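Q: Just to be clear, the model below is a prediction. Sequence and coordinates:
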Amino acid sequence: MTRPLTLHPDRLFPAEPATRDIARALYADIAGLPIVSPHGHTDPAWFATNANWTNPTELLLAPDHYLYRMLFSQGVPLDRLGVASRSGPSGADPREAWRLFASHFYLFRGTPSRMWLDHVFAEVFGLEVALEPAIADLYYDRIDEALASDAFRPRALFDRFNIELLATTEGPHEDLVHHAAIRQSGWAGRVVTTYRPDAVIDPEHEEFETALKRFGELSGEDVFTWNGYMAAHRKRRADFRAAGATATDHGHPTALTCDLPQSEKEALFGRIVGGSWSAHDAELFRAQMLTEMAGMSVEDGMVMQIHPGSLRNHNRWLHQNYGRDKGADIPTRTDYVHALKPLLDRFGNEPELSIILFTLDESVYARELAPLAGHYPCLKLGPSWWFHDSPEGMRRFREMTTETAGFYNTVGFNDDTRAFLSIPARHDVARRVDCAFLARLVAEHRLQDWEAAELAHELTYGLVRRAYRLDQPQAQAA
Amino acid sequence: MTRPLTLHPDRLFPAEPATRDIARALYADIAGLPIVSPHGHTDPAWFATNANWTNPTELLLAPDHYLYRMLFSQGVPLDRLGVASRSGPSGADPREAWRLFASHFYLFRGTPSRMWLDHVFAEVFGLEVALEPAIADLYYDRIDEALASDAFRPRALFDRFNIELLATTEGPHEDLVHHAAIRQSGWAGRVVTTYRPDAVIDPEHEEFETALKRFGELSGEDVFTWNGYMAAHRKRRADFRAAGATATDHGHPTALTCDLPQSEKEALFGRIVGGSWSAHDAELFRAQMLTEMAGMSVEDGMVMQIHPGSLRNHNRWLHQNYGRDKGADIPTRTDYVHALKPLLDRFGNEPELSIILFTLDESVYARELAPLAGHYPCLKLGPSWWFHDSPEGMRRFREMTTETAGFYNTVGFNDDTRAFLSIPARHDVARRVDCAFLARLVAEHRLQDWEAAELAHELTYGLVRRAYRLDQPQAQAA
Amino acid sequence: MTRPLTLHPDRLFPAEPATRDIARALYADIAGLPIVSPHGHTDPAWFATNANWTNPTELLLAPDHYLYRMLFSQGVPLDRLGVASRSGPSGADPREAWRLFASHFYLFRGTPSRMWLDHVFAEVFGLEVALEPAIADLYYDRIDEALASDAFRPRALFDRFNIELLATTEGPHEDLVHHAAIRQSGWAGRVVTTYRPDAVIDPEHEEFETALKRFGELSGEDVFTWNGYMAAHRKRRADFRAAGATATDHGHPTALTCDLPQSEKEALFGRIVGGSWSAHDAELFRAQMLTEMAGMSVEDGMVMQIHPGSLRNHNRWLHQNYGRDKGADIPTRTDYVHALKPLLDRFGNEPELSIILFTLDESVYARELAPLAGHYPCLKLGPSWWFHDSPEGMRRFREMTTETAGFYNTVGFNDDTRAFLSIPARHDVARRVDCAFLARLVAEHRLQDWEAAELAHELTYGLVRRAYRLDQPQAQAA
């Protein structure tokens, strides 16, 4: 006996009827707004080549650490799910991997992954029965068939999803050939890049040495001297802006910043490129470079995003055997108040500077982030992130930041995903949860209904465009 | 088109009808109770001179860092809002500053400031249209006119607000002339002081040196010797008690306490007054002085309030140009369990000692503060404070402390404000949120209705009077 | 005028009618399931001797630190409540102690203790009026009379409570005579032990020296050598398994683990048993022993429980006069991500290893524990613990862990109590709160009703049996 797959029109709205009615009305007004996705990890090659994706496992399962980490936690080996290891691609048959996934789909009950997937299955693929082990093959076949069709090529889905802008993330050691190809193709879809220099800033990054070398080649600068290294950043930032970037992104282990005297900076840089650095040097260099990046943002107007607080590759065995980004990154306690002070002492009152702060440590929402963003003109709060990109996480974000920072020091939603097909689902969840929150404020007479309607529009569309400077000349120059 | 300004009678109550009915009934019983305000920062000169306030900007906007920090966070310069800087008063025209405020009033949507202001506008000034840019002048004129009338002098409002007791906060380096004048005036309003010795205890306080000197003059003691310094505290505490004080207040960066041997205390004090202290010495001295203050409270029965965990003057440029208390204080992670142990080891079981703990770090509510207050006879929990003095903040406080500490280890509400006109609004929010919380417990059959009614009265009126010892002889002696 | 004592059938369910209906239906299905209690602190002697308990004070009040800590916090001396001190049993008359308790019963409004007690009074003793000072004697007499009857002997209540399994907690320095007596008695009740080696692992434990000596005697090993000490653990673990144990339990001040080279381990052990250890050594030894215990669990399949983060005996005076476990243990901030890494680096991917993590620091639920349990196959999350074993605490646990770890990386409920009569009450609260949480997910269309019904059964019965390996051969061998 199969069960129907339906997306209830009231999902994520409060059950209390009067409040639900308010949420429905708010949502009805903004459900159709275009998607603006200013931060994510899709592959620009998809939109450059517009080639069909291969099969359900390779598209939906094997690259999605949200999914396979849960199965792994219940004892399912990654290679059976199609996840590549350091020794090469998984030998698993894609259909078998999919069946294994389907037989564990119940694990996702109560998780956002479940909601996103059901949305993808129902809305993107038109499936009408719920996924369960007995119909794994039906799903596999239907999705596989769809993916081979023109209607499911990347650009067609981009248009169908009503995406107004999609930002990818690249490093300064990467060329931007796919972005160039997209622009030269004449396709109207707006896909921009983001400057993510971690690989050339973090000496503890696995790719640091090769990335630094490539950074020098692409910039034509001697990146092994401080001045050349800084000049290379300026050049590559300009290249990225030319490819539509309006923002940078920084994923350091902590939010530490510092502001060393010139001589100390250069001595530190010498140790870093000389390969004789300590863990303390690495932390200090990342800290100094956040301040340097802020300085360049003052110059060129790029918005900084800071995503700190993840301890990467926590599972040593997994890292040794499967490499990085395999679902084993774990958040840690993160300080912002002391950590950001050196950067803010230097640039915190510059009118052109804009920094969007993210966290994986919810204890800082009300204590540190909302008070900081509710004071500093240069600081805004990114949406609830990663493990907190979920209905409960979004609700806590609003409940713990709004009263001190207001709504207008936030920046709308980020999907932050490499799972392209889930982008509409993720934005839809955010819109629904925001409408539910606003509806509660209206129902409790803390906000007027017309204000909530304005805010729903701002949280969905207005704030993100302004926060990421998507209407500014440099952005449009792309 | 203007919009009506109305305060909905059900505001802040749960939307679920049965629960809302319970909240309404609880609130109806306690809405009219007198205001007891045992902790705040109003200016006693207002009640001593009973002079009219000047204009809306100088009364409502320029002194209220809750308001101008939000505008500053969106790029509005403080001097345009009438905020004085170190170089002198703002040159801004008060009406222009008010218009600028009105044009940014939407920023406060979803914040407690918005609710407090709407309450002040509607209830105190009788305004009937909502504030928006187009009617900034109407507001300015109506408020300006009211402020010039006798009905809006400080004592008239004090009486109209049904304030039973109002505590101000002064330092031991300040005379208490205004409190003396109030008592000598024959006016029946009960305005008392609070002993806040931070300026003579914290070597890192900007005014430490001048405050210490003045402390010596006012006490007639040689405050540059340990014995004289301690004697001066005892004398000034007695002076404050004579001016109605029943409590002290301590706003240190951390909650650290220590209990040094006599010789080390004196050596530390020598470094402090000798001006040769380190940051560590400063922290240690503050820590030791919390323990000394507890010892004096055991002697004289004054209730201690400890308000730790704010990193003051985080914005360096602003501090240099505008001075302290300009909305740039940011909370930090705060430990209580280890920090308070030395003080508690020394005095924690003294029957006369009573310490009210506050926090800006909500992660300690359930983890540290409720377990401490649910055990130590000398410890009680102050209400949710500052950035957490808000509907969501109050709700979290109750949800995270009640199950371990109960209601009876809390102390009612503090408005903690210098914004005198907002005092009824703030107490009203607290009463509504407490009734909403109690209503949920009743609706979920976790509490009987008659118990909730008793508790609503206690949370509004009973607990604060007992916790601050407002009925004890020394208090009434004032 | 007395008031009726009734347990409302909808208690702890959401007030919103549609959601409440869902909760009711979920609860109706699982309310009658047997109680599985895999972690607690009841006395096995009760079930071995099956003797009657003495009186209400000695059974319900004097041993329950949840109760007397609240009264102590409001100034009631412990000896008046029948609590023994280091100088001997309390001299308080049990009936007078009970009256004193009754006169302070209002302090528990809004706490779980109140709900548990009302359940015990109504369901276990059939009392029909609510406890208040005027009827303290009626309660005392009715309970006293009941306790003297056969129907209230331990085994009769065990059967009446429908307990399928009850785990007690013993140390390796304790014989298991009561468990042996239970098994030899022919009584069918399944009471098993748990291996809790803190007293022989923690050099700072008051009983460390005597416990270690006894550990050697019971194991027949030379526990003052590293090899003998390790062999003794293996032997005693086998003894415990033979007495039905399927789990170990570790209550360290922190979650720190380490993995020292063999020579350092032995040198450290030498300092520990030589009595020349520092506080750092003690912490390091506890850390190393967690890793060793994990290694033994890989060998013998015992499930590890880690309960860190309590600062024991915070009140120095109380500890000196009344000893340990007197309600003065206070939680502290606790790190898991860094602390557990050495153990996980060593054993984290062993298929046989299973570790259940608990916390007193709710800030780690979403930040650390859910991400860890949602990745590592060996990690699962224990229920909300101790101060957080409460309706709000359970709700926060589900809200903050489910979206990342799912339901299936949790392990059902622990009552963790020595208050035997409250066990049905505690499990009932957990079942109701879980049903309320599931009902919200259904009402918000985040979960199907049939999934919620399956989950309610799993959270109540299925998960605990699998997580504690209650169906495995070694368990049944007991």
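A: Right, received. Where do you want to start? The shown structure was predicted, so the numbers you read here are calculated from the model rather than taken from an experiment.

Q: which residues sit in contact with A:T6?
A: A:A122 (Cβ atoms under 8 Å, 6 or more residues apart in numbering or on different chains). (Glycine included, C-beta is placed from N, CA and C.)

Q: Tell me if it really is in a helix.
A: No - A:T6: not assigned to a helix; according to DSSP: H, G, I helix; E, B strand; the rest coil it is coil.

Q: what's the burial count for A:R316?
A: By other Cβ atoms under 10 Å in any protein chain shown, 16 other residues sit near A:R316.

Q: Please report phi then psi for A:I163.
A: Note on A:I163: its backbone torsions stand at phi -90, psi 120 [degrees, to the nearest 10].

Q: quick one: it from chain B, how far?
A: Computed as Cβ to the nearest Cβ, to the nearest Å, the A:I163 to chain B distance reads 29 Å.

Q: again, but for A:H445
A: To chain B, A:H445 is 4 Å away according to Cβ to the nearest Cβ.

Q: Okay, now the unreliable bits of chain A?
A: A:473-478 (pLDDT under 70).

Q: Pick out the residue nearest the middle of it.
A: Relative to the mean C-alpha position of chain A, the nearest C-alpha, by Cα atoms, centre = their mean, is the one of A:D416, at 2.0 Å.

Q: Without its sequence neighbours, what residue ends up closest to A:S310?
A: Nearest non-adjacent residue to A:S310, counting by Cβ to Cβ, 6 or more residues apart in numbering or on different chains: A:D329, 4.7 Å away.

Q: thought A:N349 was touching B:W317?
A: Yes - under the criterion of Cβ atoms under 8 Å, A:N349 makes contact with B:W317 at 4.7 Å.

Q: returning to that earlier point: SS state for the residue nearest to the centre of chain A?
A: Assignment for A:D416 (three-state DSSP): coil.

Q: what residues are up against it?
A: A:D416 makes contact with A:39-41, A:385-386, A:389, according to Cβ under 8 Å, 6+ apart.

Q: Are the helix or strand harbouring A:S113 and chain C in contact anywhere?
A: Using DSSP states H and E, A:S113 sits in helix A:112-119. Yes - with Cβ under 8 Å from any Cβ of the partner chain as the measure, helix A:112-119 is seen reaching chain C through A:112, A:115.

Q: Against which helices or strands is that helix packed?
A: Other elements packing on helix A:112-119 under the criterion 3 or more Cβ pairs under 8 Å, 6 or more residues apart in numbering or on different chains; DSSP states H and E are helix A:65-73, helix A:423-443.

Q: Next to chain C in this structure, residues from the stretch 101-250 of chain A, please.
A: For the stretch 101-250 of chain A, the contact set with chain C under Cβ under 8 Å from any Cβ comprises A:106-112, A:115, A:130.

Q: For the residues you listed, work out which two are farthest apart.
A: With Cβ to Cβ as the measure, no two of these lie farther apart than A:P112 and A:A130, at 17.0 Å.

Q: returning to what we had before: relative to helix A:65-73, how tilted is the helix holding A:S113?
A: Here the directions of helix A:112-119 and helix A:65-73 differ by 120 degrees (axes from the mean of the first three to the mean of the last three Cα atoms, to 10 degrees).

Q: Give me the residues contacting helix A:112-119.
A: Here helix A:112-119 makes contact (Cβ under 8 Å, 6+ apart) with A:5, A:7, A:11, A:60, A:66-67, A:70, A:105, A:108, A:130-131, A:389-391, A:419, A:422, A:424-426, A:428-429, C:403, C:446.

Q: State the next helix or strand along the chain beyond it.
A: Immediately after helix A:112-119, counting by DSSP H and E, sits helix A:136-147.

Q: so what does the helix or strand that that following helix is followed by touch, helix or strand wise?
A: Downstream of helix A:136-147, the next assigned helix or strand under DSSP H and E is helix A:154-160. Counting by 3+ Cβ pairs under 8 Å, 6+ apart, the packing neighbours recorded for helix A:154-160 are helix A:44-49.

Q: just to revisit the earlier point, please save the CA atoms from the helix holding A:S113 in CSV.
A: Output in CSV follows, covering the C-alpha atoms of helix A:112-119 (Å, rounded to 0.1, in the frame of the first residue of the first chain):
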residue,chain,number,x,y,z
PRO,A,112,14.5,19.8,7.3
SER,A,113,16.1,17.3,4.8
ARG,A,114,12.8,15.4,4.8
MET,A,115,10.8,18.6,4.0
TRP,A,116,13.2,19.7,1.3
LEU,A,117,13.2,16.2,-0.3
ASP,A,118,9.5,15.8,-0.2
HIS,A,119,9.2,19.3,-1.9
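
Q: tell me how far that helix is from the chain's mean position?
A: A distance of 17 Å separates the centroid of the chain from that of helix A:112-119, by Cα atoms, centre = their mean, to the nearest Å.

Q: Please apply the same query to stretch A:57-68.
A: Offset of stretch A:57-68 from its chain centre (Cα atoms, centre = their mean): 16 Å.

Q: What's the local residue count around A:T2?
A: 12.

Q: circling back: and the residue nearest to A:S310, backbone torsions?
A: Torsion angles, degrees, to the nearest 10, at A:D329: phi -90, psi 130.

Q: do the one 5 residues further on as well
A: The phi/psi pair for A:T334 (degrees, to the nearest 10) reads phi -130, psi 130.

Q: Quick check: closest non-adjacent residue to it.
A: With Cβ to Cβ, 6+ apart as the criterion, A:T334 has its nearest non-adjacent residue at 3.7 Å, and that residue is A:G309.

Q: cool, and A:R469?
A: Closest residue to A:R469 apart from its sequence neighbours, by Cβ to Cβ, 6+ apart: A:T246 at 4.8 Å.

Q: returning to that earlier point: contacting residues around the residue nearest to A:S310?
A: Contacts for A:D329 (Cβ under 8 Å, 6+ apart) come out as A:310-314, C:371.

Q: and what of A:L127?
A: Counting by Cβ under 8 Å, 6+ apart, A:L127 touches A:5, A:121, A:139, A:142.

Q: Which stretches in the stretch 201-350 of chain A count as strands?
A: For the stretch 201-350 of chain A, strands defined by DSSP state E, counting those that start in this stretch occupy the ranges A:247-250, A:303-306, A:310-311, A:330-331.

Q: I'd like those as TSV, with distance to A:L218 and mean neighbour count appended.
A: TSV is the format used below for the strands of the stretch 201-350 of chain A (distance: least, Cβ to Cβ, whole Å; neighbours: other Cβ atoms under 10 Å in any protein chain shown):
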stretch	distance to A:L218	mean neighbour count
strand A:247-250	16	24
strand A:303-306	21	25
strand A:310-311	27	20
strand A:330-331	33	27
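
Q: if we can go back for a sec, now the residue nearest to A:S310: how far from A:A28?
A: Counting by Cβ to Cβ, to the nearest Å, the separation of A:D329 from A:A28 is 38 Å.

Q: Show me the residue of the stretch 51-200 of chain A that gets nearest to chain B, please.
A: A:G110 (21.1 Å; Cβ to the nearest Cβ).

Q: Alright, calling it a day.
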